[in-house]
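In: Output the structure for:
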Amino acid sequence: MLDEKETALALKRAKEGDNEAKELLLKHNSCLLKSIVKRYLNKGVEYDDLYQLACIGLLKAIAGFDFSYEVRFSTYAVPMIAGEIKRYLRDDGSIKVSRIIKKSAKDIAAFVSAYTAEEGDAPSIKRIAEKFGMDESEVVFTMGSQRMPLSLYDKGDYKDEETGEMVDRIPSQEDPDALIDRLQLKDAIENLPEREKKIILLRYFRDMTQSEVAKAIGVSQVQVSRIESKVIAEFKARLC
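Out: Below you'll find the model as predicted:
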């Protein structure tokens, strides 16, 4: 691997669009890429495909790295590389649309239709976000769900379209993985039994302690802890 000084120089060149510098970084980080790929073998995806995904993750890390982070590039790159692979394994390249998202998409479509008929022009994404209490990125994702399942890495509908991949058109700085997880979390909470739902909402959306939650709903702190652990474990299993 390159030393820190050589890595910094190559990163500066790569971020300026130097393809040779990108190839240099890929070549000299091959051991790192292989070590990460090995963790995800025997999951139904060929080694070469996993390695390609790891390379994509490294290239994204190069593009997103900022020297002001004051961390080694490898420290920043590892979660980016692993995240690229995990996203593919989890979603098989596509996003699975939940019942809640489908309902939200239907409600948004009805609002857009009524607004357009009344105002003579379609509402902006910002206006829709305000109406439904969503982030603009969440609105884009939800409206697009009517064409699901599809890949965040699909190109546009037309062969001559040069707008790039869907993920690059979401007007948000939020990581796509985080957005999808947040939407899945909403769906998971919606389907919880009433008591479990209340505990999770109070703990993670009202920042209450387990003792405060226990007092609010009339159960012991031990019960709150047990229910919370159970729900989190189920949610993690759902995402894996």
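
In: For this protein, which residues score under the pLDDT cut-off?
Out: Where the chain drops to pLDDT under 70, the residues are 1, 91-100, 141, 144-188, 235-240.

In: In it, where's the longest helix?
Out: Determined from DSSP state H, the single longest helix within the chain is helix 99-119.

In: If you count contacts, what does that helix end up packed against?
Out: The helices and strands touching helix 99-119, judged by 3 or more C-beta pairs under 8 Å, 6 or more residues apart in numbering; DSSP states H and E, are helix 125-132, helix 136-144, helix 176-190. Glycine gets a C-beta too; all of them are placed from N, C-alpha and C.

In: does V71 count as helix, strand or coil?
Out: coil (DSSP: H, G, I helix; E, B strand; the rest coil).

In: can you give me the helices for the protein?
Out: 4-15, 19-28, 30-38, 47-64, 73-91, 99-119, 125-132, 136-144, 176-190, 194-204, 210-217, 221-239.

In: What residue spans form the domains of this structure?
Out: 4-91, 99-169, 192-239 (automatic domain parsing).

In: need the ones you listed in CSV with mean neighbour count, can you?
Out: Listed next are the domains of the chain as CSV, based on neighbours: other C-beta atoms under 10 Å:
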stretch, mean neighbour count
domain 4-91, 15
domain 99-169, 14
domain 192-239, 14
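
In: Kindly provide the distance from L9 to F73.
Out: The gap separating L9 from F73 is 12 Å, by C-beta to C-beta, to the nearest Å.

In: got it, and L33?
Out: Distance from L33 to F73, by C-beta to C-beta: 13 Å.

In: Check I217 too.
Out: I217 is 47 Å from F73, by C-beta to C-beta.

In: now do K12
Out: The value you get for K12 to F73, if C-beta to C-beta is used, is 11 Å.

In: What of R90?
Out: Counting by C-beta to C-beta - R90 and F73 are separated by 26 Å.

In: chain center to stretch 14-34: distance?
Out: Between the centre of stretch 14-34 and the centre of its chain there are 24 Å (C-alpha atoms, centre = their mean, to the nearest Å).

In: Let me fix that, I meant to ask about stretch 120-138.
Out: That offset, for stretch 120-138, works out to 21 Å (C-alpha atoms, centre = their mean).

In: With stretch 59-72 instead?
Out: Using C-alpha atoms, centre = their mean, the offset of stretch 59-72 from its chain centre is 19 Å.

In: Run through who's touching it.
Out: Contacts to stretch 59-72, defined as C-beta atoms under 8 Å, 6 or more residues apart in numbering, come from residues 4, 8, 11, 14-15, 22, 25-26, 73, 76-77, 80-81, 84.
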